[in-house]
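Undergrad: sequence-free structure coming up:
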């Protein structure tokens, strides 16, 4: 199990009787009983690597623990490496992760790599909030309140989840809703404020007599979008297609293609079954359909010139 008496401790090669691995990153059980190890050996070694990257030296350096036996004894008997002891200024939550990774008793370590990743991700979400340039464009999202999808009983709520992505900064949410859903609207606004304090929610009542009536839905969206003051120099625009009827989603597509809405589609997706750690967040995709805008002739004309732009221009009168 051990090096022979005459072996030079600086020799990097593993020789007969040497515990397998690099001693600077070896946990106690690998030294004392190398035949009885599991994934927690790697978690300990990863913790030592983490410590070395942050502090610039291995946990038990040659300057303090001279010789092979002294270093081996340190891995077994000395306290786990500590950022605080080394003088590295890190958040206590990160220190706690290191301490658990490098616990001398392997029963106190993370039991799986998944458990470790989840712990790191929890800390990342709290500590490493993206910093956005004050000169960058702001992002405005248009969306429809999901009368069933956005209720609090659901673990994944599309409009709330949108504001929970660390890599998707939303500054303003133009939120359409059915007036009968005003209680749900209030709940969603409260919950959005909790997960994204920087977000401004602007509610817009948009009732439909028949949400499956294509002409009515397109006309009301057109009437809202046409006078809207889009500012492409300072803002980017996305339109969320997860909530609302399929008719509503098709109308979004047509409004972008016709050049009425100068933005992109935003599709949100629920968490995948194989990744439960995503839980309430899920994922999203941004879809740019600008290349097909030429199909609309730039003026909303489609299907032989009888364009939906013409239908919507008749707002307030009998529509063709």
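TA: Cool, the structure landed. Values in this document were obtained by computation on a predicted structure and should not be read as measured data.
Undergrad: which residues touch residue 123?
TA: Residue 123 is in contact with 91, 93, 94, 97, counting by C-beta atoms under 8 Å, 6 or more residues apart in numbering. Yep, even glycine has a C-beta here, placed from its N, CA and C like the rest.
Undergrad: could you pull out the strands for the stretch 1-150 of the chain?
TA: 138-144 (DSSP state E, counting those that start in this stretch).
Undergrad: Equivalent analysis for the stretch 151-300 of the chain, please.
TA: Secondary structure of the stretch 151-300 of the chain (DSSP E, counting those that start in this stretch): strands located at 172-177, 200-205, 235-240, 264-269, 283-287.
Undergrad: how about these, which one is nearest residue 118?
TA: Judged by C-beta to C-beta, the one of these that comes nearest to residue 118 is strand 283-287, at 17.0 Å.
Undergrad: the inter-axis angle of that closest one versus strand 235-240?
TA: With axes from the mean of the first three to the mean of the last three C-alpha atoms, to 10 degrees applied, the angle from strand 283-287 to strand 235-240 works out at 110 degrees.
Undergrad: list the helices and strands strand 283-287 packs on?
TA: Here strand 283-287 touches strand 264-269, going by 3 or more C-beta pairs under 8 Å, 6 or more residues apart in numbering; DSSP states H and E.
Undergrad: Show me which positions of the longest helix anywhere in the chain end up buried.
TA: Ranked by number of residues, the top helix in the chain under DSSP state H is helix 39-55. Using 16 or more other C-beta atoms under 10 Å as the test for burial, helix 39-55 gives 40-52, 54-55.
Undergrad: hang on, the earlier thing: among the contacts of residue 123, which lie within helices?
TA: Using DSSP H, these in helices are 93, 94, 97.
Undergrad: so how far is the first residue of stretch 138-151 from its last?
TA: 28 Å (C-alpha to C-alpha, to the nearest Å).
Undergrad: roughly how far is that stretch from the heart of the chain?
TA: Distance of stretch 138-151 from its chain centroid, counting by C-alpha atoms, centre = their mean, to the nearest Å, is 18 Å.
Undergrad: Now do the buried residues in it.
TA: Within stretch 138-151, the residues scored as buried using 16+ other C-beta under 10 Å are 139, 140, 141, 142, 143, 144, 145, 146, 149, 150.
Undergrad: The first one against residue 238, yeah?
TA: Read that as residue 139. Yes. Checked against C-beta atoms under 8 Å, the pair residue 139 and residue 238 is within contact range at 6.6 Å.
Undergrad: show me the contacts for residue 111.
TA: By C-beta under 8 Å, 6+ apart, the neighbours of residue 111 are 39, 40.
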